[in-house]
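Chemist: pasting the sequence and the predicted model now:
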Amino acid sequence: GQQVMQIPQYQHVQEGEDFTTYCNSSTTLSNIQWYKQRPGGHPVFLIQLVKSGEVKKQKRLTFQFGEAKKNSSLHITATQTTDVGTYFCAGLEYGNKLVFGAGTILRVKS
Amino acid sequence: NAGVMQNPRHLVRRRGQEARLRCSPVKGHSHVYWYRQLPEEGLKFMVYLQKENIIDESGMPKERFSAEFPKEGPSILRIQQVVRGDSAAYFCASSPAGANVLTFGAGSRLTVL
């Protein structure tokens, strides 16, 4: 079945440093989504990427969808303490259900 | 518009008891999903339901777990004869028909003593 791998599992950064998490699917995806879960909270939708090679930005966050539609990345520029949480990618295979990656836990030291 | 409402938020059960978790989707959403999360781990898909239909239950354990989404009322995730390993956060999410972006509830945290 479809698998979505996400790395790294944990990332500790100093406030102001950049952060990137990577997502890889075993199959071609129709779209990929990113969610953020604050400590003790629930996942909240951030963005959806649909097109091959698509790049979207939300302030300091940059999301990319690979040309082959099998991988994606989330990059945060100049992290802040408010960025703390777990970032999940979720891949939708054609005609199938949304499958989540294991998530990357981001900790920011001020 | 109210978001996805889950209750109870916290549930404590002794081994062998039953746990019932309820989820009311966003108004107008006809698709409901249940995910399970252990501390500092990812979201494990359990089941995907539409009104009165189970679409995909490939993530549900074969025994003791069941889910429903009746024509009227909330979706229910039922765990019979709970064991300590069932302790986890159970998240419900909903989406409109034809879409796949999920709105999550706050979760129900089950502790089995």
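Modeler: Okay, I see it. Numbers count the residues shown, from 1 in each chain, chains lettered A, B, ... in the order given.

Chemist: ok, the residue of chain A found nearest chain B - how many residues close by?
Modeler: In chain A, the residue that lies nearest chain B is A:Ala102 (3.7 Å; CB to the nearest CB). The C-beta positions use only the backbone N, C-alpha and C, and glycine is treated the same way. By the measure other CB atoms under 10 Å in any protein chain shown, the count of residues near A:Ala102 is 19.

Chemist: pretty sure it contacts A:Gln9?
Modeler: Yes - if you go by CB atoms under 8 Å, A:Ala102 and A:Gln9 touch, sitting 6.8 Å apart.

Chemist: quick one: B:Met5 and A:Phe63, what's the gap?
Modeler: For B:Met5, the distance to A:Phe63 equals 29 Å [CB to CB, to the nearest Å].

Chemist: and these two? which has more neighbours close in?
Modeler: Higher neighbour count among B:Met5 and A:Phe63: A:Phe63, with 21 against 14, using other CB under 10 Å.

Chemist: dig out what the residue positioned nearest the centre of chain B forms beta bridges with.
Modeler: Nearest to the mean C-alpha position of chain B, by CA atoms, centre = their mean, lies B:Trp34 at 3.8 Å. Under DSSP bridges, the beta-bridge partners of B:Trp34 are B:Val47, B:Cys92.

Chemist: same question for A:Leu106.
Modeler: The partner residues for A:Leu106, given DSSP bridges, come to A:Gln11, A:Gly85.

Chemist: grab the nearest non-local neighbour of the residue in chain B that chain A sits nearest to.
Modeler: At 3.7 Å from chain A, B:Gly42 is the closest residue in chain B, using CB to the nearest CB. Using CB to CB, 6 or more residues apart in numbering or on different chains and skipping the chain neighbours, the partner closest in space to B:Gly42 is A:Ala102 (3.7 Å).

Chemist: in the chain, which spans are strands?
Modeler: This is for chain A. When assigned using DSSP state E, the strands of chain A occupy the ranges A:4-7, A:10-14, A:19-25, A:29-37, A:43-49, A:55-58, A:61-65, A:71-76, A:85-93, A:98-100, A:104-109.

Chemist: my bad, the chain I had in mind was chain B
Modeler: Under DSSP E, chain B gives strands at B:5-7, B:10-13, B:19-24, B:31-37, B:43-50, B:53-56, B:65-68, B:75-79, B:88-95, B:103-104, B:108-112.

Chemist: isn't A:Glu67 up against A:Lys51?
Modeler: No - if you go by CB under 8 Å, A:Glu67 and A:Lys51 don't touch, sitting 10.1 Å apart.

Chemist: ok, the spatially closest residue to A:Leu74 that is not a sequence neighbour - contacts?
Modeler: In space, and not counting its chain neighbours, A:Leu74 is closest to A:Thr21: 5.1 Å by CB to CB, 6+ apart. A:Thr21 makes contact with A:6-8, A:11, A:73-74, A:87, A:89, A:104, A:106, according to CB atoms under 8 Å, 6 or more residues apart in numbering or on different chains.

Chemist: any idea how many residues pack against residue 83?
Modeler: You didn't pick a chain, so chain A it is. By other CB under 10 Å, the residues close to A:Asp83 number 19.

Chemist: that was the other one, I meant chain B.
Modeler: With neighbours defined by other CB under 10 Å, the count for B:Val83 comes to 12.
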